[in-house]
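Participant: Here's a sequence, model it:
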Amino acid sequence: MNRRSVLVLLLAVGGLLAVGIVMLASTGEFAEDAHGRPYFFLYHQLGWLAVGSIVCWCVSRVDYHIWIKNWRWIYIAALVLLVLCFIPPIGARINGSSRWIRLGIGTFQPSELAKFAAVTMLAWWFSREERVEEQKLKGFVVPLGLVSALMLLIVLEVDVGSTALIGATTLVIMIVAGSPLKFILPVIGFGVSVIVGAILMMPERMGRFLAFMHPERYPKDAYQTEQGLIALGSGGISGLGLGNGRQKLLYLPFAHTDFIFPVIGEELGLAGTLGIVLAYILFILGGVTIAVKARDRAGLLFGMGIVMIIATQAAVNLGVTTQLLPNKGLPLPFISYGGSNLLFCMACVGVLINIYRQGLTEQEEEQMEQLELVLQSERRPVRL
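Facilitator: Residues are numbered from 1 along each chain as shown. Here you go, the predicted model:
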């Protein structure tokens, strides 16, 4: 197998992690909840990164088929933890959302485990049922029902962004699995209707959507996004210099988490923001190449699902911070402060490394290509 795919993947992840640590050193001390310690968030993120690196190494040594075969236990654990978010004092309600459970030393966001559970379940299901178009009930209704249970609990936590991520990933896995369009279109329609319904039922989310459509009419709801655009515009091409950003001085809320990208643009300029986008593109290219060259269908679906869920999260965050999408509370993968998301992303990288290690060798790829050419020649009609 081509070694460049995993090298590109690791290079992109390493670059994003490095930028995240540097920018946390620049922004963390000005956060409202820094507890008077300038490097509070930096030290915590370094601790999570150390744990995440160990998790990544351990996961890379575990056969990815084990995760797929044990999807039931992962799925049940995700359901239980999502329910615990609503049970005080275990569940923690922060900023109007019940997305966390208390661990004593910190908090954990079960929706990250739910993303992994959804991907493992779908990879197992569609790798087992290769002719899903002939089995409507068993091939579609059952897996979509299982995913919908996770999505329902997450949307009740007031986390529309993670719900949309799981929905989009489900759609991609279905497409890669060869699902016909007549089944995919209803899924898209159902997912859009659920998200729209959730927005209409939640005043805060409705306010964000209206602020996206008409920011001049809803300045309070549009404040964060507008401050982010000011930061991006102030940086220009070359930036104000590392540490010299002004919007992080309590003008831009959550500058160390969801809105860290505008601070990167303000301090590092257009070169910094384009570098971040390039790193995510390299991550996608490396991850997709690893998935496509997986040894079996399960590895293909598992790898594509993992790449999709991280790439979509990055795309949504970039879209929100540049006012291309309504405001959603999603961190920027590998960069934003947050232990739960960082652990999830590092575990996913470990899975991709394991898929790569078990992938087809270059010799096996050549043999498969030759076999395909032989089969194609045999299927050609004979002209008389």
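Participant: Would you map the helices across the stretch 251-384 of the chain?
Facilitator: Along the stretch 251-384 of the chain, the stretches classed as helices by DSSP state H, counting those that start in this stretch are 260-292, 297-321, 339-357, 362-379.
Participant: quick one: which of those helices is nearest Ile173?
Facilitator: Nearest of the helices of the stretch 251-384 of the chain to Ile173, taken as C-beta to C-beta: helix 297-321 at 5.0 Å. Any C-beta I mention is one placed from the backbone N, CA and C, and that applies to glycine too.
Participant: list the helices and strands the closest one packs on?
Facilitator: Counting by 3 or more C-beta pairs under 8 Å, 6 or more residues apart in numbering; DSSP states H and E, the packing neighbours recorded for helix 297-321 are helix 64-69, helix 110-128, helix 160-176, helix 219-235, helix 260-292, helix 339-357.
Participant: Check the offset of the next helix or strand after the third one from the chain's centre.
Facilitator: Using DSSP states H and E, the next helix or strand after helix 160-176 towards the C-terminus is helix 181-201. Between the mean C-alpha point of helix 181-201 and the mean C-alpha point of its chain there is a distance of 20 Å (C-alpha atoms, centre = their mean, to the nearest Å).
Participant: Let me see the mean pLDDT of helix 181-201.
Facilitator: For helix 181-201, the mean pLDDT works out to 73.
Participant: Mind giving me the packing neighbours of that helix?
Facilitator: helix 142-156, helix 160-176, helix 203-213.
Participant: rerun at 6 Å
Facilitator: Using 3 or more C-beta pairs under 6 Å, 6 or more residues apart in numbering; DSSP states H and E, the elements in contact with helix 181-201 are helix 160-176, helix 203-213.
Participant: Of all the helices of the stretch 251-384 of the chain, which one is nearest Trp71?
Facilitator: Closest approach to Trp71 among those is made by helix 297-321 (10.1 Å; C-beta to C-beta).
Participant: Okay, buried residues for that closest one please.
Facilitator: Within helix 297-321, the residues scored as buried using 16 or more other C-beta atoms under 10 Å are 297-318, 320-321.
Participant: so it versus helix 219-235, what angle?
Facilitator: Between the axes of helix 297-321 and helix 219-235, defined by axes from the mean of the first three to the mean of the last three C-alpha atoms, to 10 degrees, the angle is 100 degrees.
Participant: ok and helix 297-321 relative to helix 203-213, angle-wise?
Facilitator: Computed by the same axes, to 10 degrees, the angle separating helix 297-321 from helix 203-213 equals 70 degrees.
Participant: Let the chain start at 703 from now.
Facilitator: Taking 703 as the first residue, the last one we looked at is helix 999-1023.
Participant: how far does helix 999-1023 sit from the chain's center?
Facilitator: Distance, stretch centre to chain centre, for helix 999-1023: 5 Å (C-alpha atoms, centre = their mean).
Participant: How about stretch 949-967?
Facilitator: Stretch 949-967 sits 20 Å away from the centroid of its parent chain (C-alpha atoms, centre = their mean).
Participant: now swap in stretch 715-726 and tell me
Facilitator: Between the centre of stretch 715-726 and the centre of its chain there are 17 Å (C-alpha atoms, centre = their mean).
Participant: Could you report the pLDDT at the residue lying closest to Cys1047 once chain neighbours are set aside?
Facilitator: Closest residue in space to Cys1047, ignoring its immediate chain neighbours: Pro1035 at 5.0 Å, by C-beta to C-beta, 6 or more residues apart in numbering. If you check Pro1035, the pLDDT there is 95.
Participant: contacting residues for Pro1035?
Facilitator: Pro1035 makes contacts with Ile1012, Gln1015, Ala1016, Cys1047, as judged by C-beta atoms under 6 Å, 6 or more residues apart in numbering.
Participant: Not counting its neighbours along the chain, what's nearest Ala851?
Facilitator: Leaving aside its sequence neighbours, Ala851 sits nearest to Leu781 (C-beta to C-beta, 6+ apart; 6.8 Å).
Participant: tell me which element that neighbour is part of?
Facilitator: helix 773-786.
Participant: again with Arg795
Facilitator: strand 793-796.
Participant: in its sheet, what does that strand sit against?
Facilitator: Using DSSP bridges, strand 793-796 pairs in its sheet with strand 799-804 (antiparallel).
Participant: could you dump the strand it pairs with to CSV, C-alpha only?
Facilitator: Presented in CSV, the C-alpha positions along strand 799-804 are these (Å, rounded to 0.1, in the frame of the first residue of the first chain):
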residue,chain,number,x,y,z
SER,A,799,-27.4,22.6,27.0
SER,A,800,-27.3,19.2,28.7
ARG,A,801,-24.4,17.8,26.8
TRP,A,802,-22.0,16.8,29.5
ILE,A,803,-21.6,14.3,32.4
ARG,A,804,-19.5,15.1,35.4
